[in-house]
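Trainee: pasting the structure only:
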């Protein structure tokens, strides 16, 4: 944590320990230096050298004079996390879900909060400071971006709300704060299932609003490199068939990303069956609307049939696994191994606020735990186990595949974007009985005998935002832990 | 967080919001003041007054002049957590368990670490500072006590190791640091299942070592109020039948607490069946040895038959539910509702380091999540759900029952011990886009419209040791968050 980069410089050298997970079973630990150039604005690793022995050695080996950012001896650089499924407007409800499950949770907790960011009449904010819905949205969205950045999330695929102005504000804020973000204006318009106070009135209105927010995102970031729009039907049961088809056409017309939910809860699956009797399955509803594409993110995917998985694989659609949410709402266990074995790309999502926590590190932890449950339920079969490396791979490389950024995000290679977090595990536990605990330094305790594999495991199981010293997106410093 | 108590004073007034969970569905939120007297050394709530309106009002209403400790407006006093099952020597292994399950986890990770605190020959500590096993034990035990206190754990039922000197050291340190602790020297001596480097040689040696550590605990704290011994056969498969019986006799002879494991893992259950073919069940092994008493803590209790639950209920033995460990080691799902419905007392345990985290707040969170899995596996039956209040009740009142301190610990009532934590949730999220995140202030975000029930839910789901401002055991301040 020695010298820090000058933001005006077009190049920066990063020196220290670099850890990444290029495959599910490979935790790669290297020491060296990388040169990151921002001269074209994108912040790419121009060169890497794994023979560099010290910060002073870096410039000559890399052949360039540039400021050197050094990771602490007690830590490492790690690829930024990718949250493939998060509802920005639901952030204030984190932890507030009672004993509900998906469908009553939406009615009781979610729709009132989401709608309150678009309409002034909201009893829930009566005692709070902001009567203006856009002011509320600014507070909530600013906070969720700042929080997720502080947890090392460099890319997030956001569901916003039905409100176009609030959705546009989310895009503005993500761009300003420098988080890589896919921003989706939520479409829902089926009168049977959507509350009267929170739905589009017609397919035309849904599509027009979607187009408006797409245009705004493109105006904010014409490159689509940092902020980009994503077509976002909430889920099949909240959309008219005509709307699903129109959104499918729009996605194809403009080659856009798509995100939605699939097969999260057994009652939801039954509802889809009753609403779409002419379709073979939940998956078929989306497939029929041309919403299953290689650029589609399907959240949850818990209760899929084997045929549905085959269809998803055939369409090369991706899955966002949201274990914390699935456990919290009692949705069930996603059989991640079955999806991976079939060749379906899987990443992790926090699913705030079905998920109670904005951290992908926590999602990785929960992915490990839930995988043990899958194994237990299937007769103690250990092949379902997701271990530490695989969970971190899902949260980085897996996420990159899911959001269509494979080869550009997720590991440290020449040519890839510098979306990274610097992790510090803190000093080793001092000997003797007077060893003091300062909880502000974090929860990871290293005793000195641990390998780096052990330390990474400790980070996964007891680390949190206190260990995230600095975060960069596209080479830009976007979060820094306040100094001690 | 205004004035602080003087440790020389025999009485202190605590003023502010008091939250506790006197029953599984009752989250009690009161404002007022309590008078805590330490004149007999035990730190008991002498008087409570829920009509007190402010700190200045407290002395006159309570009829005594004493220093006033005030909880912040953004927080509350909460009963100290009770960790009914924790292995102190395993703390350095938190998060290090790979993809193992119980029996291979013991061999691979646990026995080498535990034994290293009693014998100098330990390859694992070769690169660390301490060649002296007792020095290692001092470092590890000091840290685990400091960490658990910082997470609000005021009482812990500890498994130590086979080493009598190291176990005695744990008792010394707990007493010195002021944590209420039951300290058990681990007995294991079955040559078939215990490693040659880590076992007692005979029943006589097991019992003699148990007696030695019991005597030491009693010398440390003759009242048994703060530190007390507990008979600790590791679990049936590691003990000779004669040892189990001898320990049962010793428990009865001296009216001692007992702690052990039961029915954690299906392979372990099968092993018990093969080792004790003459017994009807795992429970029967303990019952036959007179180890099932009203003062017995049984950790895990996942795979019990209905008959076994009946026997445990009949003997009034208690269960320590360790959800984080059960998930991490793929042990299965403890059906807490079935145990409670039958009238069995249940508390929470971290089970460090089968459990990866030393916090009971985390255990409470995992208890909620695992209960959803139980419900899901049983056809979506919501009656298995453990909610926020019930989880907190398990971690306090439930724990008090499990460790035999019902009516003395777990809620705020006159006559009960002042084992408490002061929780701060921090300032409400500021409005606007520049709202800054200082992660050192914790992870709970309150937006201003939340009820106190909501805020407690947020604490459970996103709180941690950063929210624990101060901790008292028996009226003594034992942990304080370092000032900002």
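Mentor: Received it, and whenever you're ready, just let me know what you need. Since the structure is predicted, the reported quantities are computational estimates derived from the model, not experimental observations. Residues are numbered from 1 along each chain as shown, chains lettered A, B, ... in the order given.

Trainee: Quick check: phi and psi on the spatially closest residue to residue A:404 that is not a sequence neighbour?
Mentor: Excluding the flanking residues, the one nearest residue A:404 by C-beta to C-beta, 6 or more residues apart in numbering or on different chains is residue A:295, at 5.4 Å. C-beta here means a position set from N, CA and C on the backbone, and glycine is covered the same way. Reported as degrees, to the nearest 10, the phi and psi values for residue A:295 are phi -110, psi 20.

Trainee: any idea what sits nearest the residue most central in space within chain A, other than its immediate chain neighbours?
Mentor: With distances taken as C-alpha atoms, centre = their mean, residue A:83 lies nearest the centre of chain A, 0.6 Å away. Nearest residue to residue A:83, sequence neighbours excluded (C-beta to C-beta, 6+ apart): residue A:156, at 4.4 Å.

Trainee: The helix or strand encompassing the one you found packs against which elements?
Mentor: Element membership for residue A:156 (DSSP states H and E) is strand A:153-159. Judged by 3 or more C-beta pairs under 8 Å, 6 or more residues apart in numbering or on different chains; DSSP states H and E, strand A:153-159 is in contact with strand A:81-87, helix A:164-177, strand A:180-184, strand A:257-262, helix A:399-402, strand A:468-473.

Trainee: a markdown table for the ones you listed, including mean pLDDT?
Mentor: Below are the helices and strands packed on strand A:153-159 laid out as a markdown table (pLDDT from 0 to 100):
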| stretch | mean pLDDT |
| --- | --- |
| strand A:81-87 | 98 |
| helix A:164-177 | 98 |
| strand A:180-184 | 98 |
| strand A:257-262 | 98 |
| helix A:399-402 | 98 |
| strand A:468-473 | 98 |
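
Trainee: Of all these, which one is nearest residue A:71?
Mentor: strand A:468-473 (8.1 Å; C-beta to C-beta).

Trainee: mind listing what that closest one pairs with, with the direction of each?
Mentor: strand A:420-424 (antiparallel), strand A:476-480 (antiparallel) (DSSP bridges).

Trainee: so what's residue A:95 scoring on pLDDT?
Mentor: We have a pLDDT of 97 for residue A:95.

Trainee: still on that earlier bit, out of the strands paired with strand A:468-473, which one sits most buried?
Mentor: strand A:420-424 (a mean of 26; mean count of other C-beta atoms under 10 Å in any protein chain shown).

Trainee: Following that strand in sequence, what is the next regular element?
Mentor: helix A:452-462.

Trainee: Mind pulling the model confidence for the residue nearest to residue A:404?
Mentor: pLDDT at residue A:295 comes out at 98.

Trainee: who's in contact with it?
Mentor: Applying C-beta atoms under 8 Å, 6 or more residues apart in numbering or on different chains, we find residue A:295 in contact with A:251, A:255, A:256, A:257, A:258, A:404.

Trainee: any idea how far the nearest residue to residue A:426 once chain neighbours are set aside is from residue A:315?
Mentor: Residue nearest to residue A:426 in three dimensions, not counting chain neighbours: residue A:441, with 4.9 Å by C-beta to C-beta, 6+ apart. Relative to residue A:315, residue A:441 is positioned 47 Å away (C-beta to C-beta, to the nearest Å).

Trainee: do the same with residue A:342
Mentor: For residue A:342 relative to residue A:315 (C-beta to C-beta), the value is 12 Å.

Trainee: With residue A:244 instead?
Mentor: From residue A:244 over to residue A:315 (counting by C-beta to C-beta), the distance is 15 Å.

Trainee: before we move on, the earlier item: correct me, but the residue nearest to the centre of chain A touches residue A:357?
Mentor: No. When contacts are counted by C-beta atoms under 8 Å, residue A:83 is not listed as touching residue A:357 (10.9 Å).

Trainee: Report the closest residue of the stretch 1-150 of chain A relative to chain B.
Mentor: residue A:95 (3.1 Å; C-beta to the nearest C-beta).

Trainee: Enumerate every residue touching that residue.
Mentor: Contacts of residue A:95 (C-beta under 8 Å, 6+ apart): A:353, A:356, B:457, B:458, B:459, B:460, B:461, B:462.

Trainee: Check the gap between it and residue A:353 for me.
Mentor: 8 Å.

Trainee: Would you mind naming what in the stretch 1-150 of chain A lies close to chain B?
Mentor: Contact residues (C-beta under 8 Å from any C-beta of the partner chain) of the stretch 1-150 of chain A with chain B: A:91-92, A:94-96, A:98-99, A:101, A:124-130, A:135, A:138-143, A:146-147, A:150.

Trainee: Just the buried ones from those residues, in PyMOL syntax?
Mentor: In PyMOL syntax, the buried subset of those is picked out as below (16 or more other C-beta atoms under 10 Å in any protein chain shown):
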select buried, chain A and resi 91+92+94+95+96+99+101+124+125+128+129+130+135+138+139+140+141+142+143+146+147+150
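
Trainee: Tell me which of the residues of the stretch 1-150 of chain A next to chain B fall in helices.
Mentor: A:135, A:138, A:139, A:140, A:141, A:142, A:143, A:146, A:147, A:150 (DSSP state H).
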